[in-house]
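Asker: sharing a model that was predicted from the sequence below.
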Amino acid sequence: MRVLCCLDGTNSAQIAKATEMLSQSLTLGLLHVIDTGPRRDMDRIRERFFRPKAHHLPHEKEMLETEKASAQDILSAARRYFGDAESMQREGRPEREIVNAAAEWRADVVIVCSRAEYGENAKIGPRSVGHVARFVLDHAPCPVLLVRPLAREQFPITP
């Protein structure tokens, strides 16, 4: 069974616990998507004020390098939980990249964590799941295992 685990930098421990429940003979793929949305938003704001689009902004290259380094750190930290899993890194809208990666990698199951709040602040209805998880639930080419967030004291971040 091939299971695609979607990482955001804070959910490695939760996904590791979820995979333990499935089986011991899994082929795991770890996916992290660098969200390009904030950069697009900055371009739209710049265009709104009639400023010409500068393709080589002074800090754009530094931002991209920092995002890529952060993605590598997230995947490296996840390897402490998962060992020999295949790592994948993409850029784009996370919800679409997760669905595309699941199709291309031929995942049998996608594990994604909800970004919704838990406990007393939990919402009911469509907003009970974050927008990325909602899109993946609606469009994934395979079953999706949604892992609900746990209280931080129940699930420490360090392995």
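Answerer: Perfect, thanks for sending it.
Asker: helix/strand/coil for residue 65?
Answerer: In the three-state summary, residue 65 is assigned as helix, counting by DSSP: H, G, I helix; E, B strand; the rest coil.
Asker: each with direction, which strands does whichever strand in the chain runs longest pair with?
Answerer: Scanning the chain for the longest strand, with DSSP state E as the assignment, gives strand 27-35. Within its sheet, strand 27-35 is paired with strand 2-6 (parallel), strand 86-92 (parallel), according to DSSP bridges.
Asker: those strands: which one's closest to residue 18?
Answerer: strand 2-6 (8.3 Å; Cβ to Cβ). The C-beta positions use only the backbone N, C-alpha and C, and glycine is treated the same way.
Asker: what's in contact with that closest one?
Answerer: Judged by Cβ atoms under 8 Å, 6 or more residues apart in numbering, the contacts made with strand 2-6 from elsewhere in the structure are 15, 19, 22, 26-31, 33, 78, 82, 85, 94, 98, 101-102, 105-113, 136.
Asker: what are the buried residues along whatever helix or strand comes next after it?
Answerer: Secondary structure here is assigned by DSSP states H and E; on that basis, the next helix or strand after strand 2-6 toward the C-terminus is helix 12-22. Neighbour-count burial for helix 12-22 flags 12, 13, 14, 15, 16, 18, 19 (criterion: 16 or more other Cβ atoms under 10 Å).
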